[in-house]
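Peer 1: just to be clear, the model below is a prediction. Sequence and coordinates:
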Amino acid sequence: MTFRDIKKVGIIGAGTMGRGIAQVFALFNYPVVLIDRESVLGVAIPKIKERTAPELWDKVRSLITTDTDMKRVRDCGLIIEAVYEELDVKKEVFASLSSICAPTAIIATNTSAIPIGELARFVKDPSRFAGMHFMNPPKVMKLVEVVRGPETSDETIEVIEGLARAIEKVPAIVGDTPGFVSNRLLFALLGEAFRVLESGVATKASIDTVMKYGMNHPMGPIELADFMGLDICLHIMEFLHKSLGDDKYRPTEELKTLVKEGKLGRKTGEGFYRYAAR
Ligand code: 3HC
């Protein structure tokens, strides 16, 4: 089997990442089945439209089928799970997929941090299971982190790698560790930025200026945290702190307080920074 055998892609979860991944595959002419609750799908399609060039919209829309019934991914060669980062939620999805999908189907997860080996316990065939980790926003970010679990086959890795290239992404194959390579490194930076801020050594604007203009990062770390969502950042940091036992991932009090107050970053209009209503 090669990546060319994958003719249709199923995506479970139509939040920021799921809908962005659906958009990318449709832009590259793959029929996509996007599964979620009606209320989430109702938001996802206009959001995809907002970020699609008008001349490509008819094509993209015609290639994306939305449904609330997971059985609709039955004929998909690749199914990407992009639901909430809770083990129980993911477990339920994988259990359903095991009875729905063809034995030849490859199941991938877009988890940000949960080791593939841990999730592989819930799929029927762990050799056909791997991480396919897109970055936010999926349409723009070139990286796809391809995560090899303890039982992932070479063929599965090659198919996912080939598919990533077919949608003009740059794959990086990595081993299985909490947060993989991307979020282990990113949250080492973000955690340190939060601590520098907490210590009063520099303002958030100065911290962001240092990284933007000193290291050519498109966004400074504080701005990036707001962009990703502070609830998501907190969740990942707590997970990394617990699973790696390393204090550099310990969330700061300010981050915890902002999340408690519902100040989740750009999506709520306020996080570390305030944003004008769109
Ligand atoms: N959603 C979708 N697309 C977006 C977007 C968003 N929120 N914001 C911008 N874009 C798209 C625009 O539509 C545009 O697309 P086009 O080129 O096809 O027209 C393109 O991005 C550029 O948009 P702008 O010119 O308005 O914006 P900027 O030039 O300021 O770039 C950015 C915006 C691409 C978000 C840039 O600031 C950036 O690269 N930031 C860093 C993002 C990053 O590091 N992401 C990784 C986060 S870590 C992660 O995802 C891992 C996960 O597990 C947590």
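Peer 2: Cool, the structure landed.

Peer 1: only C-alpha atoms from now on, for both contacts and neighbour counts.
Peer 2: Fine.

Peer 1: quick one: the longest helix anywhere in the chain to chain centroid distance?
Peer 2: If you go by DSSP state H, the chain has its longest helix at helix 182-199. Counting by Cα atoms, centre = their mean, to the nearest Å, helix 182-199 is centred 19 Å from the centre of its parent chain.

Peer 1: with just CA atoms, put it into PDB.
Peer 2: Output in PDB follows, covering the C-alpha atoms of helix 182-199 (Å, rounded to 0.1, in the frame of the first residue of the first chain):
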ATOM      1  CA  SER A 182       7.200  20.000  18.600                       C
ATOM      2  CA  ASN A 183       5.400  20.600  21.900                       C
ATOM      3  CA  ARG A 184       8.300  19.500  24.100                       C
ATOM      4  CA  LEU A 185      10.400  22.200  22.500                       C
ATOM      5  CA  LEU A 186       7.700  24.800  22.100                       C
ATOM      6  CA  PHE A 187       6.500  24.500  25.700                       C
ATOM      7  CA  ALA A 188      10.000  24.700  27.000                       C
ATOM      8  CA  LEU A 189      10.100  28.100  25.400                       C
ATOM      9  CA  LEU A 190       6.600  29.200  26.400                       C
ATOM     10  CA  GLY A 191       7.100  28.000  30.000                       C
ATOM     11  CA  GLU A 192      10.300  30.000  30.300                       C
ATOM     12  CA  ALA A 193       8.600  33.000  28.700                       C
ATOM     13  CA  PHE A 194       5.800  32.800  31.300                       C
ATOM     14  CA  ARG A 195       8.400  32.500  34.100                       C
ATOM     15  CA  VAL A 196      10.400  35.500  32.900                       C
ATOM     16  CA  LEU A 197       7.100  37.500  32.800                       C
ATOM     17  CA  GLU A 198       6.100  36.300  36.300                       C
ATOM     18  CA  SER A 199       9.600  37.300  37.600                       C
END
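
Peer 1: contacts made by that helix with the rest, please.
Peer 2: Helix 182-199 is contacted by residues 112-113, 145, 178, 202-204, 207, 221-222, 225, 237, 240, 248-252, 254-255 when judged by Cα atoms under 8 Å, 6 or more residues apart in numbering.

Peer 1: do stretch 120-132 as well
Peer 2: In contact with stretch 120-132 (Cα under 8 Å, 6+ apart) are residues 80, 91, 94-95, 97-98, 104-111, 116, 144-149, 151-153, 156-157, 160.

Peer 1: I'd like the mean pLDDT over that stretch, please.
Peer 2: For stretch 120-132, the mean pLDDT works out to 97.

Peer 1: buried ones in it?
Peer 2: Going by neighbour count (16 or more other Cα atoms under 10 Å), the buried part of stretch 120-132 is 120, 122-132.

Peer 1: what values do phi and psi take at residue 67?
Peer 2: For residue 67, the backbone dihedrals (degrees, to the nearest 10) come out as phi -160, psi 160.

Peer 1: wouldn't it be in contact with residue 39 here?
Peer 2: No: in this structure, residue 67 is not within contact of residue 39 by Cα atoms under 8 Å, at 11.1 Å.
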